[in-house]
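[1] after the sequence you'll find the predicted model.
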Amino acid sequence: RQLLVKSSTLPSESRRGVLLTIHDQTQLKQLEAMRREFVANVSHELKTPLAAVKGYAETLQLGAIDDKEIAPHFVDQILSQADRLERLIADMMHLARAQDRSQPAAPVDVLVFPVIQECCETYQPVAAQKEIELILEPFDEACTILGEREALLTVVNNLVGNALRYTQVGGHVRVSCQPGEEQVSIAVTDDGLGIPHEDQERIFERFYRVEKARDQQYGGTGLGLAIVKNIVQSFGGSMRLQSEPGKGSTFEAVLPCSPATVPLQTAKSV
Ligand code: ADP
């Protein structure tokens, strides 16, 4: 533990000794170290695409712009690196909002089904492109959680987006929701790459990725799960992960709910 000991002399008329105050600085130091690490990570993550943009633009300026074969490729690279920067900044803004507890919005009843349905509709073209079957398991459409609609959509979008990103062509992604008496469990299951056991504990940390090289190919920012965890915790819920490398993963958000009704019976593909 880090202790800060301060001594102060008492006023002369009552001078019978020294007043010692001891402050436990452990948490403060930990927060400071986390802040420093975050700033270092952000700088690194922003610098990499920025350096690429500059490099390609400078090469174009030095003459490559007249090369009809190379120039379009360099312009494509500039655009894709700019996209990456845009994604990083958007994710950092999301994370900052999720972490901002100074003005937490009062939780309201949010219907889960339309949120999951919207997410599945958004991702259906991505799934179709990879020939992945995106399955929305049936559940009680009256099921509600206590939270905020947009934030819940961010959670589901991130989990489904990841499941599609880290699942091979021809795979399956299932989204399900199990209402309980006090909690609702929203789960996204894939039969994709899975996550090595040694990485599972750290997977929700900001910028933590399994095998950097592998993930560059997938184009993520490393912030999605940190955002998810922050939102879920701000609703008073928690995240669970079950994953087997090479077999797939289930990410589960367990959220406080409002009373639920009877589940439906049949599955449908979206
Ligand atoms: P990213 O933007 O890189 O996807 P996330 O925070 O969303 O960042 O995820 C962190 C890392 O966790 C990813 O880089 C990936 O290695 C791993 N991961 C997340 N979801 C899955 C999944 N469904 N299957 C396999 N690996 C996953």
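    Okay, I see it. In this text, all values refer to a predicted model and were calculated from it rather than measured experimentally.
[2] so residue 220, which of the three states?
    Under DSSP: H, G, I helix; E, B strand; the rest coil, the three-state class of residue 220 is coil.
[3] ok, the residue positioned nearest the centre of the chain - contacts?
    With distances taken as Cα atoms, centre = their mean, residue 224 lies nearest the centre of the chain, 2.0 Å away. Residue 224 sits next to 91, 158, 161-162 when contact means Cβ atoms under 8 Å, 6 or more residues apart in numbering. The C-beta positions use only the backbone N, C-alpha and C, and glycine is treated the same way.
[4] in helices, which of those appear?
    Of the positions in the contacts of residue 224, 91, 158, 161-162 sit in helices, assigned by DSSP state H.
[5] would you mind listing what in the stretch 51-200 of the chain touches the ligand?
    158, 162-163, 166, 190, 192-195 (Cβ under 6 Å from any ligand atom).
[6] hang on, the earlier thing: need the pLDDT of the residue nearest to the centre of the chain.
    Per-residue confidence for residue 224 comes out at a pLDDT of 92.
[7] how about residue 4?
    On pLDDT, residue 4 comes in at 71.
[8] of the ones in helices among the contacts of residue 224, which is the most crowded?
    residue 158 (24 neighbours; other Cβ atoms under 10 Å).
[9] nearest residue to that one other than its sequence neighbours?
    residue 224 (4.3 Å; Cβ to Cβ, 6 or more residues apart in numbering).
[10] dihedrals phi and psi, that neighbour?
    The phi and psi values for residue 224, taken as degrees, to the nearest 10, are phi -50, psi -50.
[11] what does residue 196 give?
    Torsion angles, degrees, to the nearest 10, at residue 196: phi -50, psi 140.
[12] quick one, what contacts it?
    By Cβ under 8 Å, 6+ apart, residue 196 lies in contact with 210, 245.
[13] filter the residues of the stretch 51-200 of the chain next to the ligand to the buried ones?
    The neighbour-count test (16 or more other Cβ atoms under 10 Å) marks 158, 162-163, 166, 190, 192-195 as buried among these.
[14] how about those residues, which pair is most distant?
    Farthest-apart pair in those is 158 and 194; separation 17.8 Å (Cβ to Cβ).
[15] which stretches of the protein form helices?
    Taking DSSP H to define them, one finds helices in the chain at 26-61, 70-99, 112-129, 149-165, 197-200, 212-218, 224-234.
[16] least reliable of these going by mean pLDDT?
    Across the helices of the chain, helix 212-218 gives the lowest mean pLDDT, at a mean of 62.
[17] the nearest residue to residue 41 once chain neighbours are set aside: how many residues sit nearby?
    In space, residue 41 comes closest to residue 207 once its chain neighbours are excluded; the distance is 4.6 Å by Cβ to Cβ, 6+ apart. Counted by other Cβ under 10 Å, the residues lying close to residue 207 total 15.
[18] I'd say residue 207 and residue 223 touch.
    Yes - with contact defined as Cβ atoms under 8 Å, residue 207 counts as touching residue 223 (6.7 Å).
[19] wait, residue 173 touches residue 167, no?
    Yes - with contact defined as Cβ under 8 Å, residue 173 counts as touching residue 167 (6.1 Å).
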